[in-house]
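Enquirer: Following is a predicted model, sequence given first.
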Amino acid sequence: MSPAQVIKSGPPACPGVALTFDLCPVKKGSGYDTSLMDYLIEHRIPSTFFMSGKWITKHEEETDQLLGIGFFEVGTHGEVHAHLPMHSAEEQREEILGPVRILREHYAHHATLFRPPYGEYNDMTVDVVKELGLQFIQWNIESGDPDPTLSAEQILNRVTKRAKPGSIIVFHANGKGKQTRQVIERLTTDIFPHKGLTPMTVSDLLKCKQPAR
Ligand SMILES: [Zn+2]
């Protein structure tokens, strides 16, 4: 078995893409993009969420709801959204384990997917994640959706150009992405069908398993 790998994409032969949404804590606003979430739920779009511990604590009802949706998958995103490489192995372990524990103890959910805050990590992080038995999920397409200077069209172009079989794409569902809902709608109704790409959760993409309809 090779050392825990940092996963950035699924099998290139798989006609799927993973739409992933980080739920980083926010200081201002609701921290929940209702319009985006309603769209994903209404259209049954397989999606993967990475929840930070602080976000879960502030959104108990939403956490419960998302965990109950069969075509959604929930992983974790650190406790307080720390810059992991600035911390010792023990501190990294606590930051990574925080939301894993909350989900297990309060929601009976066994979260195995992990994405580091800011996508930042070092060798120590890789070792800690491996030791905790988690899967390290990065991305190969950064939508840039929290950037307030990008228009929906610019984000869409960026994702469209890069999207290919096996892509893992990062977005935000905490309200930081003002254009996210619009971009997701265009991708799922127009771009992906034209490219022959089907949205899948990260786990299904890695196994390349077509979602049950
Ligand atoms: Zn984040």
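Expert: Ah, there it is. Keep in mind that what you see is a predicted model, and the values were worked out from it rather than measured. Numbers count the residues shown, from 1 in each chain.
Enquirer: who's in contact with the closest residue to the ion within the chain?
Expert: Nearest residue of the chain to the ion, counting by C-beta to the ion: residue 24, 3.2 Å away. No exception for glycine: its C-beta is placed from N, CA and C like everyone else's. Counting by C-beta atoms under 8 Å, 6 or more residues apart in numbering, residue 24 makes contact with 52, 55, 77, 81, 117, 172, 174, 176.
Enquirer: same thing but 6 Å
Expert: 52, 81, 174 (C-beta atoms under 6 Å, 6 or more residues apart in numbering).
Enquirer: Pull up the residues of this structure that are close to the ion.
Expert: Within the chain, the positions near the ion by C-beta under 5 Å from the ion are 22, 24, 117.
Enquirer: so how far is the strand ranked longest in the chain off the chain centroid?
Expert: Counting residues, the longest strand found in the chain (DSSP state E) is strand 16-23. Here strand 16-23 shows a centroid-to-chain-centroid distance of 5 Å under the convention C-alpha atoms, centre = their mean, to the nearest Å.
Enquirer: Then stretch 34-49?
Expert: Its chain's C-alpha centre and that of stretch 34-49 lie 13 Å apart, by C-alpha atoms, centre = their mean.
Enquirer: Contacts made by it with the rest, please.
Expert: Stretch 34-49 is touched from outside by 18-21, 23, 71-74, 173, 180-181, 188, 199-202, 211, with contacts defined as C-beta under 6 Å, 6+ apart.
Enquirer: distance between the ends of that stretch?
Expert: Using C-alpha to C-alpha, to the nearest Å, one end of stretch 34-49 lies 14 Å from the other.
Enquirer: Name the residues of that stretch that are buried.
Expert: Residues of stretch 34-49 classed as buried by neighbour count (16 or more other C-beta atoms under 10 Å): 36, 37, 39, 40, 45, 46, 47, 48, 49.
Enquirer: what's the angle from the helix ranked longest in the chain to strand 16-23?
Expert: Longest among the helix segments of the chain by residue count, using DSSP state H, is helix 89-107. Orientation check (axes from the mean of the first three to the mean of the last three C-alpha atoms, to 10 degrees): helix 89-107 against strand 16-23 gives 100 degrees.
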